[in-house]
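> I would like to see how this sequence folds:
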Amino acid sequence: MKLAKSYSVSMNETKQNRATRMIRLVEYVGRTEAWGTDLGARVFARLNVDLMGLSEGTLVPIDFAGLERSDVSFQREAVVETIRKHRPRLLFVANNLDDIDLRTNLDLALEKRGESLLLVSREGNLEVMGKRLAEEQLRTLEQVWTVREATSAQLVRADAEAKLSTTASRLNALWKAGLIERVEGSSSSGGREHTYFAFP
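Reported below is the predicted structural model:
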């Protein structure tokens, strides 16, 4: 599901010089082809160890460069299970996923597990892979990507038809899906208020 606009944001323009930990998938596989549940589980175990010590909010690009073939089973066990275990603490994106078969298999693996993942193209365009977003969620995601940082109250002020509780629920769902980042704070009235950020 492509976002309606193109957002050319480099990995270096992230919030507050964000820590980044690149995962070159082919290095974990050890060859250019990745097949099956068993290999996927072994790669997941190695990824899990490497990601455990990372601080909250670390950007983790999963780089598919050099991987020529894989099946849905490998993608499900290695990639999808990794993001399920570590999000929303870590922020995942996929890149260098130019091969149509690799993309299709990852998309199917994500969809089967009810997960979403942002794909950043070489041109900087964003695409939501996996679980399809409702039109309202997609619109809220585009709002956050446009302003780069917002609270639910700020988004409601920008849209006269929006309701605060509905907007807050959508933002929370997008955060849980790993498509935006959330930082806790407090509002001017003294209550708790989250700020949501686009990434990378």
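
> quickly list the domain ranges of this structure.
For the chain, automatic domain parsing gives the domain ranges 11-130, 135-197.

> and the shortest one, how far from the chain's centre?
Going by Cα atoms, centre = their mean, to the nearest Å, the spacing between the C-alpha centre of domain 135-197 and its chain's C-alpha centre is 16 Å.

> okay, the domains of the chain in a markdown table with mean neighbour count and mean pLDDT next?
C-beta here means a position set from N, CA and C on the backbone, and glycine is covered the same way. Conversion of those to a markdown table gives the following (neighbours: other Cβ atoms under 10 Å; pLDDT from 0 to 100):
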| stretch | mean neighbour count | mean pLDDT |
| --- | --- | --- |
| domain 11-130 | 18 | 93 |
| domain 135-197 | 16 | 87 |
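
> so what touches stretch 146-163?
Residues lying outside stretch 146-163 but in contact with it, judged by Cβ atoms under 8 Å, 6 or more residues apart in numbering, are 5, 15, 140, 143-144, 164, 167-168, 171, 187, 193-198.

> for this protein, what's the longest helix?
Secondary structure of the chain read by DSSP state H shows that its longest helix is helix 36-52.

> isn't Y28 right up against A45?
No: the pair Y28 / A45 is not scored as a contact, 9.9 Å apart, by Cβ atoms under 8 Å.

> what about the helices in this structure?
25-29, 36-52, 72-74, 81-86, 100-112, 135-147, 152-158, 164-176.

> want to throw these into TSV with distance to L119?
Below are those laid out as TSV (distance: least, Cβ to Cβ, whole Å):
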stretch	distance to L119
helix 25-29	14
helix 36-52	18
helix 72-74	16
helix 81-86	13
helix 100-112	8
helix 135-147	14
helix 152-158	24
helix 164-176	16
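
> can you tell which of these is closest to L118?
helix 135-147 (9.6 Å; Cβ to Cβ).

> how far away is A173 from A94?
20 Å (Cβ to Cβ, to the nearest Å).

> repeat that for F199.
Taken as Cβ to Cβ, the span from F199 to A94 is 13 Å.

> next: D63.
For D63 relative to A94 (Cβ to Cβ), the value is 8 Å.

> and R157, by the same measure?
From R157 to A94 the distance is 33 Å (Cβ to Cβ).

> circling back to that earlier point, just checking, what packs against the longest helix of the chain?
When contacts are defined as 3 or more Cβ pairs under 8 Å, 6 or more residues apart in numbering; DSSP states H and E, helix 36-52 packs onto helix 25-29, helix 72-74, helix 81-86.

> so it versus helix 100-112, what angle?
80 degrees (axes from the mean of the first three to the mean of the last three Cα atoms, to 10 degrees).

> just to revisit the earlier point, possible to save the helices and strands packed on helix 36-52 as CSV with distance to E181?
Supplementary listing: the helices and strands packed on helix 36-52 in CSV, determined by distance: least, Cβ to Cβ, whole Å:
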stretch, distance to E181
helix 25-29, 23
helix 72-74, 28
helix 81-86, 14
